[in-house]
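# for reference, the sequence and a predicted model appear below.
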Amino acid sequence: MDPESELLSDAPVRLGRPGAPPEPRLRSTRSGWWWVLALGLLVACAIALVDAHSRDRESAAVGRCERDLQVATWYTQGSLGLLTNYLRPAPTSDGRVQQLHLADLMSERAGSVLPRVQRAARTCRGLAVHPWHFSIVARQSAASAYSAALVTLVQLVAAQGHVSFSDDQTLQRLGDAVGLNSG
């Protein structure tokens, strides 16, 4: 062998003494940061996944609330709104128009509709939505406001026979916000 090929470099090398303890090896601190970063990323992904599942459940619950309100609204409009449109007074024997007690007719029908409306309102009131799910909170708030107004109006009709069900502008505006009056 050539003596030049055995020469590695001109730098002096310090050899350990036989019997002396070895020098402590310094660990790189970079490997510790990678574990912390990976653990943080894993926790963030888990939180995002749980939040997405929570958002899906909340959205489905608000959708059920909106469907219940829609059915209750259709049922109420069918029972009360159509009564005022198709009710025709019958003439009496002396040619005069028979007195109708529309308030009594409306009151009876409103009393039969009221439990369905109250059940839909309880469904909407019982929802729990995380405040950072802004669009779901807005939908739930609109549905709760509409259900409260509908319950109040049907209770009023059931108690007094008030006929202004289809002309209530506040109820119409709240129904538009929920999306019940669009079709």
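Cool, the structure landed. Residues are numbered from 1 along each chain as shown.
# what mean pLDDT does the top helix by length along the chain get?
Longest helix in the chain by number of residues (criterion: DSSP state H): helix 30-76. This predicted structure assigns helix 30-76 an average pLDDT of 90.
# what packs against it?
The criterion is 3 or more C-beta pairs under 8 Å, 6 or more residues apart in numbering; DSSP states H and E, and the helices and strands that helix 30-76 contacts are helix 102-125, helix 134-160, helix 169-178. All C-beta spots, glycine's among them, are computed from the backbone N, C-alpha and C.
# tabulate those helices (a markdown table), appending mean pLDDT and distance to Val50.
Written out in a markdown table, the entries for the helices and strands packed on helix 30-76 read as follows (pLDDT from 0 to 100; distance: least, C-beta to C-beta, whole Å):
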| stretch | mean pLDDT | distance to Val50 |
| --- | --- | --- |
| helix 102-125 | 83 | 25 |
| helix 134-160 | 88 | 16 |
| helix 169-178 | 73 | 29 |
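# of the ones you listed, which is nearest Ala48?
Checking the helices and strands packed on helix 30-76 against Ala48 by C-beta to C-beta gives helix 134-160 as the closest, at 16.5 Å.
# next, the angle helix 102-125 makes with that closest one.
Helix 134-160 runs at 150 degrees relative to helix 102-125, counting by axes from the mean of the first three to the mean of the last three C-alpha atoms, to 10 degrees.
# and the nearest residue to Ala159 once chain neighbours are set aside, how many residues sit next to it?
Taking C-beta to C-beta, 6 or more residues apart in numbering, and ignoring the residues beside it in sequence, Ala159 has Ser107 as its nearest neighbour in space, at 7.2 Å. Look at Ser107: counted by other C-beta atoms under 10 Å, it has 18 neighbours.
# now do Ser107 against Val157, distance only.
7 Å (C-beta to C-beta, to the nearest Å).
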